[in-house]
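K.L.:
build the 3D model from these lines:
(one chain, ligands or ions: 1)
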Amino acid sequence: MTEHNPLFYQSRKQLPFIEKTEGIYMTDSAGKKYIDGSSGAIICNIGYGNKKVIQRINEQAEKTFFAYRTHFENRPALDLANRLVEKLSWGLNKVFYVSGGSEAVETALKICRQYYCSIGERGRHLFVSRKPSYHGCTLGALGITSYAPLEEPFKPMVKNNPRIPAPFCYRCAFDMEYPQCGVKCATVLEDAIEANGPENIAAFVAEPVGGASTAATVPPDEYFSIIRKICDKYGIMLILDEVMTAFGRTGRFFGYEHFGAKADIIALSKGMASGYFPLGAAVTTEKIVDAILDAGGFQHGHTYAGNPMACAVGEAVFDTIEERNLVENSAKVGTYLKEGLKRLQTSHRIIGDVRGKGLLLGIELVADRETKTPFDPGQNANFTLADHAYENGLILYPRRSINGVRGDHLLVAPPLITTKEEADIILDRLDTALERTEKTLF
Ligand SMILES: Cc1ncc(COP(=O)(O)O)c(C=O)c1O
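P.N.:
Next up is the predicted model:
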């Protein structure tokens, strides 16, 4: 008789126990060693077992793990906020801490809504987002997420916000070609605003580079400048969800730097504490915060927010990113790994597309490369490849690009400490897994 397991997650899949982690490697209790080719859920940017973080945790533990934010200010929270603000541009200088990505997104939505309430524009309650997209699994964040399997059971409970097609040149929603398309995926924001009544719109929400829902889709260079102009024309905010892209993941400290996109609020988490502690933040401008505070205060907050230990970890992660030049390494090794993935594409017919920036890379699997025909979802091509890779000691992150329903893809996003030599091992293991997958699928 098997032992009762009181834990449950998304499925009944049995997984090995983790024993030890170091660098980009994870070892299970049977002694098998894996390369973490997805940094967990694209979170562990600085890799595992970082001595600086461990030392900082020990030091902070001697002082305090917790002090409630309405009773005490704490030094790590203030110091980390100062460092963040220094890195951010155009007046994003007010930090509100949370403990994860969904909370950061919820907080951004609420900051935006409360700002408009406080300046007398109470009609603004709709958030235009993109299809597909992933902004989190809590009900507010789900209301701007577009990924059918995650949305379906909760549709009656979730606000029906407007969506526009995500920039996705490989599978253009308008069946057009860049640049003749005139970046229609950006200009349609104006149509969505007009269709829903400009006085009802609060913000447009987007990831700078696509994450789990599209596997690292990169928008055209001018995408965000068109978006910003439309936001300004209608007096709405641009909220950037940098939960996955910030802290060096795309080869710049923040993803928006690739596009010069000027946000009114950004949501952060994941790489901020790199998996060593739950941490996130929404960052906005003084003007927005002043309006909210002058009108009576921000009606939002979570118990663990601004936790001294989480913020101390955030500082040590920040130090590590800077001292080890991890943003530059992400750009350099990312380019190298992407070239390698393109080489694999030439020898494996199931790779339809290779995309991404820095160490946020994606491969999309197709049944027919010429016609870009996706696999039948029943074949589970993405999980088949992820399982073969796992067997072969490589962890990848499988999802689907056509609103979560079809278009199998995998994120290839190892920690930012990955070397070119380690990238070669990743490519080698992936090559073998692709071979086995092709034999399984055809
Ligand atoms: C872009 C983006 N936003 C929000 C979230 C939600 O973050 P969390 O899982 O920490 O709630 C994620 C998680 O993958 C994400 O990738």
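K.L.:
up against the ligand, what does the chain have?
P.N.:
41, 100-102, 105, 134-136, 207, 211-212, 241, 243-244, 269 (C-beta under 6 Å from any ligand atom). Bear in mind the C-beta positions are built from the backbone N, C-alpha and C, glycine included.
K.L.:
now these: which count as buried?
P.N.:
Neighbour counting with 16 or more other C-beta atoms under 10 Å marks 100-102, 105, 134-136, 207, 211-212, 241, 243-244, 269 as buried within these.
K.L.:
now flag whichever of the residues of the chain next to the ligand is closest to the ligand.
P.N.:
Nearest to the ligand among those, counting by C-beta to the nearest ligand atom, is residue 101 at 2.1 Å.
K.L.:
re the thing from before, between which two of the residues of the chain next to the ligand is the distance greatest?
P.N.:
Between any two of the residues of the chain next to the ligand, the greatest separation by C-beta to C-beta is 15.9 Å, found for 100 and 207.
K.L.:
check contacts around residue 129.
P.N.:
Taking C-beta atoms under 8 Å, 6 or more residues apart in numbering, we find residue 129 in contact with 135, 144-146, 161-164, 204-206.
K.L.:
check residue 240 too.
P.N.:
Contact analysis of residue 240 by C-beta under 8 Å, 6+ apart lists 205-208, 255-256, 261, 263, 265-267.
K.L.:
please identify the helix or strand for it.
P.N.:
Assessed by DSSP states H and E, residue 240 sits inside strand 237-241.
K.L.:
so what are the sheet partners of that strand and their directions?
P.N.:
strand 201-206 (parallel), strand 265-268 (parallel) (DSSP bridges).
K.L.:
pick the most deeply packed of these.
P.N.:
strand 265-268 (a mean of 29; mean count of other C-beta atoms under 10 Å).
K.L.:
for the next helix or strand after that strand, what is the average pLDDT?
P.N.:
Next along the chain after strand 265-268, taking DSSP H and E as the criterion, comes strand 280-285. In this model, strand 280-285 has an average pLDDT of 98.
K.L.:
and stretch 184-202, by the same measure?
P.N.:
98.
K.L.:
off-centre distance for that stretch?
P.N.:
On the basis of C-alpha atoms, centre = their mean, to the nearest Å, stretch 184-202 sits 24 Å off its chain's mean C-alpha point.
K.L.:
so how far is residue 129 from residue 31?
P.N.:
From residue 31 across to residue 129, the span is 45 Å (C-beta to C-beta, to the nearest Å).
K.L.:
ugh, wrong one, residue 375
P.N.:
Counting by C-beta to C-beta - residue 375 and residue 129 are separated by 27 Å.
K.L.:
again with residue 252
P.N.:
Counting by C-beta to C-beta, the gap from residue 252 to residue 129 is 23 Å.
K.L.:
that older thread, lowest-confidence one in the contacts of residue 240?
P.N.:
residue 261 (90).
K.L.:
with adjacent residues omitted, what lies nearest to that residue?
P.N.:
residue 224 (3.6 Å; C-beta to C-beta, 6 or more residues apart in numbering).
K.L.:
how about residue 304?
P.N.:
Nearest residue to residue 304, sequence neighbours excluded (C-beta to C-beta, 6+ apart): residue 99, at 4.8 Å.
K.L.:
remind me which helix or strand residue 129 belongs to.
P.N.:
strand 126-131.
K.L.:
relative to strand 126-131, how tilted is the strand holding residue 240?
P.N.:
Using axes from the mean of the first three to the mean of the last three C-alpha atoms, to 10 degrees, the inter-axis angle of strand 237-241 relative to strand 126-131 is 40 degrees.
K.L.:
got the angle for strand 237-241 vs strand 280-285?
P.N.:
150 degrees.
K.L.:
quick one, strands of the stretch 1-150 of the chain?
P.N.:
18-22, 25-28, 33-36, 92-98, 126-131 (DSSP state E, counting those that start in this stretch).
K.L.:
before we move on, what about the stretch 301-442 of the chain?
P.N.:
So, for the stretch 301-442 of the chain - with DSSP E, counting those that start in this stretch - the strands run 351-357, 360-365, 394-395, 397-402, 406-412.
K.L.:
show residues contacting the first one.
P.N.:
Okay, so that is strand 351-357. With C-beta under 8 Å, 6+ apart as the criterion, strand 351-357 contacts 170, 209, 215-218, 250-251, 255, 258, 334, 338, 341-342, 344-345, 361-366, 369, 372, 412, 434.
K.L.:
I'd say residue 315 and residue 76 touch.
P.N.:
Yes: at 5.9 Å, residue 315 counts as touching residue 76 under the criterion of C-beta atoms under 8 Å.
K.L.:
so where is the stretch 151-300 of the chain shaky, pLDDT-wise?
P.N.:
For the stretch 151-300 of the chain, no stretch is flagged by pLDDT under 70.
K.L.:
the domain parsing of the protein - what is it?
P.N.:
Listed domain ranges for the chain are 18-49+325-441, 53-323 (source: automatic domain parsing).
K.L.:
need those in a markdown table (columns: distance to residue 4).
P.N.:
Shown next, in a markdown table, are the domains of the chain (distance: least, C-beta to C-beta, whole Å):
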| stretch | distance to residue 4 |
| --- | --- |
| domain 18-49+325-441 | 19 |
| domain 53-323 | 26 |
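K.L.:
residue 181: what's it in contact with?
P.N.:
Contact analysis of residue 181 by C-beta under 8 Å, 6+ apart lists 172, 174.
K.L.:
same question for residue 111.
P.N.:
The contact partners of residue 111, by C-beta under 8 Å, 6+ apart, come to 96, 265, 282, 284, 288-289, 292, 298, 300.
K.L.:
top of those residues by neighbour count?
P.N.:
Among those, the one with the most neighbours (other C-beta atoms under 10 Å) is residue 265, at 28 neighbours.
K.L.:
surely that one meets residue 239?
P.N.:
Yes: at 4.8 Å, residue 265 counts as touching residue 239 under the criterion of C-beta under 8 Å.
K.L.:
between the two, which contacts overlap?
P.N.:
The contact lists of residue 265 and residue 239 share 108, 112, 203, where a contact means C-beta under 8 Å, 6+ apart.
K.L.:
what about the helices in this structure?
P.N.:
All helices of the chain, identified by DSSP state H, fall at 39-42, 51-63, 75-87, 101-118, 139-142, 148-151, 184-196, 223-234, 286-294, 308-323, 326-347, 381-391, 420-441.
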